[in-house]
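**Q** curious how this folds, go ahead:
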Amino acid sequence: MKRPGPVLTLLAGLVLGLFLLSLNATTGTKSTSSSQVEAPAASTSPSPKSSATPSPSPTKTAPSPTPSKSAPPNADYAGRTDDDSSAIAVSLRNGKAIAYFCDGHDKESWLKGDVKDDGTMKLTGKNGSELNGTLQGKRIRGTVDLEGQRYGFTAAKAVKPSGLYRATATVRGALVDGGWVVLPGDGRDQVGIVNRDGEPSAAPDIDPETGAVTIDGEQLTAEPVTP
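**A** Numbers count the residues shown, from 1 in each chain. Take a look at the predicted model:
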């Protein structure tokens, strides 16, 4: 009977060779996998975010300042009431005004007050008399309230000798106070009142060039009136 030694040895070597071959194949696969895992990925730099430059805020334009209205110019105005019963003269100086209303017989009033930049005015006098007017170009349009009556009037810009005049003096022991409205023209259209100790009467005409006037035999000078 033959001994099985050499055959067993050959089979054992064959099994060992297959085992080693299998082990080597397994190890190679794992190495390959490991190398694939461990290989650093190609670094991809993130694309820079485009930072949009903010548009500059639109510059706000300051609103143009409202032009300030200038005070009404210095001037004199004279005219008649709408019913032609009386005359009125107004003198404007530096935002102030003085006016004289009279009918040439026994009704009169001196009024004064401020003139606003828009040309409106409210002038007041004794016994509640009041003038409300508005400067409109080269004329003043308004009303006068006196002794319970209202008079509408228009006074045009006056050029000397037209305008407002007054003379005050003591004549023969009496206080004389005269007022005149010299209407536009050659200076000869006049309306005035003279008070002698408070008693009114029609005033004599003044010289339109010099203002000279004779009252009760005494010569006086009527001067232009301004505020």
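**Q** let me see the domain layout of this structure.
**A** With automatic domain parsing as the criterion, the domains of the chain are listed as 1-30, 75-224.
**Q** deepest in the core, which of these is it.
**A** domain 75-224 (a mean of 17; mean count of other CB atoms under 10 Å). In this view, the C-beta of every residue, glycine as well, is placed from N, C-alpha and C.
**Q** quick one: average confidence on it?
**A** Average pLDDT, domain 75-224: 97.
**Q** so what would you say the end-to-end distance of that domain is?
**A** Chord length of domain 75-224, first to last residue, is 12 Å (CA to CA, to the nearest Å).
**Q** with stretch 120-131 instead?
**A** With CA to CA applied, stretch 120-131 spans 11 Å between its terminal residues.
**Q** ok, stretch 152-161 next?
**A** In stretch 152-161, first residue to last residue: 24 Å (CA to CA).
**Q** stretch 161-180 too?
**A** Between the opening and closing residues of stretch 161-180 there is a gap of 12 Å (CA to CA).
**Q** and if you look at stretch 74-87?
**A** Taking CA to CA as the measure, stretch 74-87 stretches 21 Å from start to finish.
**Q** quick one: E199 from L175, how far?
**A** E199 sits 10 Å away from L175, going by CB to CB, to the nearest Å.
**Q** all helices of the chain, in order?
**A** With DSSP state H as the criterion, the chain has helices at 5-38.
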